[in-house]
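Asker: Mind looking at a prediction? Sequence and model below.
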Amino acid sequence: MSDSSTQLQPGRWGRVVLKVSGEAFAGDMGYGIDGHVVQEIARQIVKVRSEFDVQLAIVVGGGNIWRGMAGSGAGMDRAQADYMGMLATVINALALQDTLEQLGQPTRVQTAIHMSQVAEPYIRRRALRHLEKGRVVIFAGGTGNPFFTTDTTAALRAVEIEAGAILKGTHSGIQGVYDDDPRENPNAQLLEEITYIDVLNKGLKVMDSTAISLCMDNNLPIVVFDLMGDGNVGQILAGKQVGTAVS
């Protein structure tokens, strides 16, 4: 955290939503929570807050613990499986909150599913007050409804709090959006810019179609980038070309 004498530089946007997938929390383990990865994510967030005059909200996924689609594929009721996935996002949010606060960053977790002993309920106006006071707000519990992904949650919360952009963090060395799957095609080319319509028409796996449509309807830009790349969040806020811009 910076003290009052430190001059913060203006960010490209004054308020952003950072989307962190559950899988990113697992690191190379593939499941569960890798404490070293969470520390690295938290360190980047604290560094950005100490350098830029930006309000930062975070939406976390839960795929490192439970995926609703996997549960429904095994015969479980889809809605029930999705509620389990929402609870998994709260576990990740609490882990990130603890790590951030150990680093001195005031933080609040707000969840769409009421669990007052561990987190605040999601209330838009309260979230805005927290952001204005310099706290990082972590949104957990998805939208509170089954059949919606945490990508859609990120788009919805970003529109609600009037964020300037969504920063969609990837992992496993993926730098942004490619013209083909880079894990299967080593010659896949990284795209610096792409339109919402092209993402939808080409079926590119940037975010799900509901999230992309919501961003398109509200002219909300998305930056897809490697979350684990050192300093990437700061470079994006400084206006540099990192990853892929979707607009």
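Answerer: Alright, I've got the coordinates. Numbering: from 1, shown residues only.

Asker: contacts, neighbours, all on C-alpha from now
Answerer: OK.

Asker: Can you name the element that comes right after the helix or strand where residue 167 lies?
Answerer: Here residue 167, judged by DSSP states H and E, is contained in strand 165-170. Past strand 165-170, heading to the C-terminal end, the next element that is a helix or strand (DSSP H and E) is strand 177-178.

Asker: Tell me the strands beside that following strand, with direction?
Answerer: Paired strands of strand 177-178, with direction, are strand 190-191 (antiparallel) (DSSP bridges).

Asker: Quick check: what element follows the strand it pairs with along the chain?
Answerer: Per DSSP H and E, the first helix or strand lying C-terminal to strand 190-191 is strand 193-194.

Asker: all helices of the protein, in order?
Answerer: Ranges of helices within the chain are 22-26, 35-51, 68-73, 78-102, 124-132, 150-160, 196-202, 209-217, 232-237, based on DSSP state H.

Asker: Residue 240: neighbouring residues, count only.
Answerer: Residue 240 sits with 12 neighbouring residues when counted by other Cα atoms under 10 Å.

Asker: partner residues bridging residue 20?
Answerer: Checking residue 20 by DSSP bridges, which sets the bridge assignment, gives partners residue 60, residue 169.

Asker: Output the contacting helices and strands for the helix or strand of the chain with the lowest mean pLDDT.
Answerer: Within the chain, judged by mean pLDDT, DSSP states H and E, the helix or strand with the poorest mean is helix 68-73; its value is a mean of 74. Judged by 3 or more Cα pairs under 8 Å, 6 or more residues apart in numbering; DSSP states H and E, the packing partners of helix 68-73 are helix 78-102.

Asker: Please identify the buried residues of stretch 123-141?
Answerer: If you call a residue buried by 16 or more other Cα atoms under 10 Å, then stretch 123-141 has these buried ones: 127, 128, 130, 131, 134, 135, 136, 137, 138, 139, 140, 141.

Asker: ugh, wrong one, stretch 158-174
Answerer: In stretch 158-174, the ones that count as buried by 16+ other Cα under 10 Å are 158-159, 161-171, 174.

Asker: repeat for stretch 221-237
Answerer: 221-229, 232-234, 236-237.

Asker: quick one on the thing from earlier: now for the helices of the chain, which one comes closest to residue 7?
Answerer: Comparing the helices of the chain against residue 7 with Cα to Cα, the closest turns out to be helix 35-51 (8.0 Å).

Asker: what's the angle between that closest one and helix 78-102?
Answerer: Relative orientation of helix 35-51 versus helix 78-102 (axes from the mean of the first three to the mean of the last three Cα atoms, to 10 degrees): 60 degrees.
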